[in-house]
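Chemist: model the structure of this input:
(one chain, ligands or ions: 1)
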Amino acid sequence: MRRLLVIGNWKLNGNKSTITNLIIRLVEECANISKCNMAVAPPVMYLDLVMRYLINSNIWLCAQNVDIHISGAFTGDVSAVMLQDLNTRYVLIGHSERRIHHKENDAYIAKKFFILKKIGLIPILCIGENKREYDAGHTQSVCLNQIQSVIRLLGVEAFKDSVIAYEPIWAIGSGMSASPESVQIIHELIRNYIANYNVSIANEVLIQYGGSVTPENVTQFFNQKDIDGVLVGSASLNADSFSIIVRAAENHEKSYYA
Ligand SMILES: O=C(CO)COP(=O)(O)O
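Modeler: Okay, the predicted model is just below:
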């Protein structure tokens, strides 16, 4: 059975002091959480700092990115083995901010997926359409193409114990989330698409939503049957709002089935 997964993506925010305060508060606030899974994704520079506070907690560590190589002459990059060395469990790949600012394409992102599976980390494959594609009615084909590039390289089995995060680009950081009903339609489409290849993998794969998730709107997303969690940006930088989101997952009836 699927279990709700809440992840805070801190992006390029914070410093030693603010990140220490935030993680100390979150560990306290989330100490009694047991029915959903949660993780935080600090900037890579602070993974080690955050990891030290997470050692005896129920919050997992997530990285925001990974290189396709394990070691060698790749200045500035971080490998899956290094992330594993720091007890990282999840890794975001294909986030739209990396696709846009670093020109990462589907084939390259599929290689990241491969390396994470090989090392034993959990990929969170971020997908989603931009505003132009949305306006043109291309949401479904854009999302399925992004999924297909992983299936083409690795087969559908790659999605076993993996996570997909549907993040419409126009909803990220805009304060304008997609409607829960429209997200449900895309999530169901993705699940059905994977089911064409393998029903049990489709039933198990977690599909998160991300894009202007707040304490106020989060429960409406959890109420949709194919939304298995949320990937939260700005609301995760505040301990109060992120803990409210985590508690909404903890108290949601979906969590009881886990
Ligand atoms: O990009 C996101 C998470 O990866 C979403 O960001 P916001 O929650 O700030 O819209």
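Chemist: just the helices in the stretch 51-200 of the chain please.
Modeler: All helices of the stretch 51-200 of the chain, identified by DSSP state H, counting those that start in this stretch, fall at 80-85, 96-101, 106-119, 131-135, 139-154, 180-195, 199-204.
Chemist: which other residues reach the fourth one?
Modeler: I take that to be helix 131-135. 139, 142, 168, 169, 170 (CB atoms under 8 Å, 6 or more residues apart in numbering). No exception for glycine: its C-beta is placed from N, CA and C like everyone else's.
Chemist: pretty sure the fourth one contacts residue 130?
Modeler: Yes. Judged on CB atoms under 8 Å, residue 169 makes contact with residue 130 at a distance of 4.4 Å.
Chemist: circling back to that earlier point, nearest to the ligand, out of the helices of the stretch 51-200 of the chain?
Modeler: Shortest distance between the ligand and the helices of the stretch 51-200 of the chain, using CB to the nearest ligand atom, is found for helix 96-101: 6.9 Å.
Chemist: state the mean pLDDT of the closest one.
Modeler: For helix 96-101, mean pLDDT is 98.
Chemist: how about stretch 121-134?
Modeler: 98.
Chemist: where does residue 214 sit: helix, strand or coil?
Modeler: When classified by DSSP: H, G, I helix; E, B strand; the rest coil, residue 214 comes out as coil.
Chemist: so what's residue 10 closest to, chain neighbours aside?
Modeler: Of all residues not flanking residue 10 in the chain, residue 42 sits nearest, at 5.2 Å (CB to CB, 6 or more residues apart in numbering).
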